[in-house]
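Asks: requesting a structural model of the entry that follows:
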Amino acid sequence: MYLGDVLQQPNLQWLPLCQSDTRGKDEAGKYMSILPRTAPSNIEGGIEQRKKRIQVNDPVAIREEGFEQYNKGDYNSAFELFSKAVKLGDADAHAGLADMYHNGKGVEKDKEKELYHLEEAAIGGNPTCRYHLGYYERNKERAVKHWAIAAAQGDDRSTKMLMDAFKDGDISKMDLAAALRAHQAAVDATKSPQREAAKRSLDHGQDLDSLKNKVCA
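Replies: The predicted structure is shown next:
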């Protein structure tokens with residue numbers, strides 16, 4: 001299956017970047033945290049409203065509280081909350097568990113469990129986790145497909161990985177152009193201060209728009 005076909009899959013979820021990668025790189029200088037610095041406590045009325053939602057088993061509210069506890073350093077509570085949210089069907093809670101298994105926060109580091117939760121979150125539409133799956137994937141063709149899907153969901157770092165893959169001859173000009181167009185469409189549809197800040201923080205090595213113009217010409 002060509003990447004152009006991947007981008008046309010009917011079950012592809014066109015989502016904004018769900019989590020911000022702001023806490024830094026690991027010893028390899030590659031893996032950025034999946035979790036945001038602070039929970040989105042102002043959503044739907046703030047912390048008190050979130051508590052009410054938690055009482056009725058709202059999985060999103062439970063996951064948000066997991067973020068809050070994680071950033072406070074209460075990893076046991078975070079793990080319980082993420083696990084509960086996962087059982088209630090929240091895909092992004094898998095991202096929290098993947099982060100914990102990667103960093104060994106509240107649990108023993110476990111690559112197998114980390115990858116499992118990355119996969120579940122990616123299947124649920126989390127582009128950050130999809131990006132990381134591509135990074136871990138040793139098969140270049142599969143890695144490129146992961147990044148193409150993540151780019152189509154608005155993940156900026158995946159466009160950089162695709163451009164690097166193009167330089168290495170691992171993706172055609174046509175497929176790269178399709179991925180960049182899909183990425184731009186996702187970005188245009190999900191403009192937000194968070195996305196703009198994330199974009200400015202990237203080091204693409206060269207002007208992204210310039211390269212897009214060259215590839216898409």
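
Asks: which stretches in this structure count as helices?
Replies: With DSSP state H, the ranges of helices along the chain come out as 3-7, 47-55, 59-72, 75-87, 92-103, 111-123, 127-136, 140-152, 156-167, 173-189, 193-201, 208-216.

Asks: tabulate those helices in TSV, adding columns for mean pLDDT.
Replies: Shown next, in TSV, are the helices of the chain (pLDDT from 0 to 100):
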stretch	mean pLDDT
helix 3-7	37
helix 47-55	89
helix 59-72	94
helix 75-87	97
helix 92-103	96
helix 111-123	96
helix 127-136	95
helix 140-152	96
helix 156-167	95
helix 173-189	93
helix 193-201	54
helix 208-216	48
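
Asks: mean neighbour count for these - can I get that in TSV?
Replies: Where C-beta positions appear, they are placed from N, C-alpha and C, glycine not excepted. Formatted as TSV, the helices of the chain follow (neighbours: other CB atoms under 10 Å):
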stretch	mean neighbour count
helix 3-7	17
helix 47-55	14
helix 59-72	22
helix 75-87	20
helix 92-103	26
helix 111-123	19
helix 127-136	25
helix 140-152	24
helix 156-167	21
helix 173-189	19
helix 193-201	13
helix 208-216	14
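
Asks: residues making contact with stretch 104-118?
Replies: Residues from elsewhere that reach stretch 104-118, judged by CB atoms under 8 Å, 6 or more residues apart in numbering: 70, 75-76, 78-79, 94-95, 97-103, 129, 132-133, 136.

Asks: swap the cut-off to 7 Å and go again
Replies: Stretch 104-118 is contacted from outside by 75-76, 78-79, 94, 97-98, 100-102, 129, 132-133, 136, using CB atoms under 7 Å, 6 or more residues apart in numbering.

Asks: let's have the residues you listed in TSV, adding distance to residue 143.
Replies: Listed next are those as TSV, based on distance: CB to CB, whole Å:
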residue	distance to residue 143
75	30
76	34
78	30
79	29
94	20
97	23
98	17
100	24
101	21
102	18
129	14
132	11
133	8
136	8
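
Asks: touching, residue 121 and residue 98? I think so.
Replies: Yes: under the criterion of CB atoms under 7 Å, residue 121 makes contact with residue 98 at 6.4 Å.

Asks: that older thread, nearest to residue 175, of the contacts of stretch 104-118?
Replies: Relative to residue 175, the closest of the contacts of stretch 104-118 is residue 133; by CB to CB it sits at 18.4 Å.

Asks: please tell me how far the closest residue to the closest one other than its chain neighbours sits from residue 115.
Replies: The shortest distance from residue 133 to any non-neighbouring residue, by CB to CB, 6 or more residues apart in numbering, is to residue 146 (4.9 Å). With distances taken as CB to CB, to the nearest Å, residue 146 is found 12 Å from residue 115.

Asks: what of residue 126?
Replies: Applying CB to CB, the value for residue 126 to residue 115 is 14 Å.

Asks: residue 127 now?
Replies: From residue 127 to residue 115 the distance is 17 Å (CB to CB).

Asks: cool, and residue 89?
Replies: Taking CB to CB, one finds residue 89 at 20 Å from residue 115.

Asks: what about the spatially closest residue to residue 79 that is not a sequence neighbour, how many neighbours?
Replies: Closest residue to residue 79 apart from its sequence neighbours, by CB to CB, 6+ apart: residue 106 at 5.0 Å. Per other CB atoms under 10 Å, the neighbour tally for residue 106 reads 19.
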